[in-house]
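[1] the sequence and its predicted three-dimensional model are supplied below.
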Amino acid sequence: DAKTTQPNSMESNEEEPVHLPCNHSTISGTDYIHWYRQLPSQGPEYVIHGLTSNVNNRMASLAIAEDRKSSTLILHRATLRDAAVYYCILRDGNSGNTPLVFGKGTRLSVIA
Amino acid sequence: KAGVTQTPRYLIKTRGQQVTLSCSPISGHRSVSWYQQTPGQGLQFLFEYFSETQRNKGNFPGRFSGRQFSNSRSEMNVSTLELGDSALYLCASSPGSWGSNQPQHFGDGTRLSIL
């Protein structure tokens, strides 16, 4: 699987937008970009995924660079409940139900 | 809709014993995957079962095994427990049909402590 690079940690004020970056310079044409997050004492939670176009859902938005070598997860208004470790993961769309390969992720702290 | 249920939530064992953990997937999901999470190694894939067959396997010793039943419920077993097996064991389910863009839905895990 292609590798992703994320900052170790980020901090945000409550009710401010948060932009979480992910670099994936070796991404292949069939790799989907997935984001998961893990809140304290819980299992990981699916957030969003996309291939080429920007994606929106009730939790977040995913902005994908035109060359697909990077992407950004956008939380429009951070709340205290959004404090978690966020993982950016690539999954090959041609390889069936591939396992999730987790890196170290970005630990997001939200300040009230 | 009920989520993924893992039992027990906490377990304490001693070295050399064996342990069985249980996972009930979301209704209708046929794929169950298991992951191990430790502070040092992070989240690592153990194996995946689909329609009672192991479909993918991670890089863990043979002491780690699993199975899936006809109702898609899954169990994983660890034999001859070692101190390093202390971890949070997570189960995830997905519909399982071909195509890796399906989200996986995780339970809250079983925390296993080895004394």
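    Perfect, thanks for sending it. Numbering: from 1, shown residues only, chains lettered A, B, ... in the order given.

[2] can you give me the neighbour number for the residue lying closest to residue A:14 once chain neighbours are set aside?
    Beyond its immediate neighbours in the sequence, the residue positioned closest to residue A:14 (CB to CB, 6 or more residues apart in numbering or on different chains) is residue A:112, lying 5.1 Å away. Backbone N, C-alpha and C define where each C-beta goes, glycine included. Using other CB atoms under 10 Å in any protein chain shown, residue A:112 is surrounded by 7 other residues.

[3] quick check: residue A:112 vs residue A:11, distance?
    Computed as CB to CB, to the nearest Å, the residue A:112 to residue A:11 distance reads 12 Å.

[4] list the buried residues of stretch A:42-51.
    Residues of stretch A:42-51 classed as buried: A:43-50 (neighbour count, 16 or more other CB atoms under 10 Å in any protein chain shown).

[5] same question, stretch B:10-28
    Residues of stretch B:10-28 classed as buried by neighbour count (16+ other CB under 10 Å): B:13, B:19, B:21, B:23-26.

[6] in a markdown table: the residues you listed, plus secondary structure and distance to residue B:94.
    Putting the buried residues of stretch B:10-28 into a markdown table (DSSP: H, G, I helix; E, B strand; the rest coil; distance: CB to CB, whole Å) gives the following:
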| residue | secondary structure | distance to residue B:94 |
| --- | --- | --- |
| B:13 | strand | 29 |
| B:19 | strand | 25 |
| B:21 | strand | 19 |
| B:23 | strand | 13 |
| B:24 | strand | 14 |
| B:25 | coil | 8 |
| B:26 | coil | 8 |
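
[7] okay, the residues you listed in CSV with distance to chain A and pLDDT next?
    Compiled in CSV, the buried residues of stretch B:10-28 are given as follows (distance: CB to the nearest CB, whole Å; pLDDT from 0 to 100):
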residue, distance to chain A, pLDDT
B:13, 21, 97
B:19, 19, 98
B:21, 13, 98
B:23, 11, 98
B:24, 14, 98
B:25, 13, 97
B:26, 12, 96
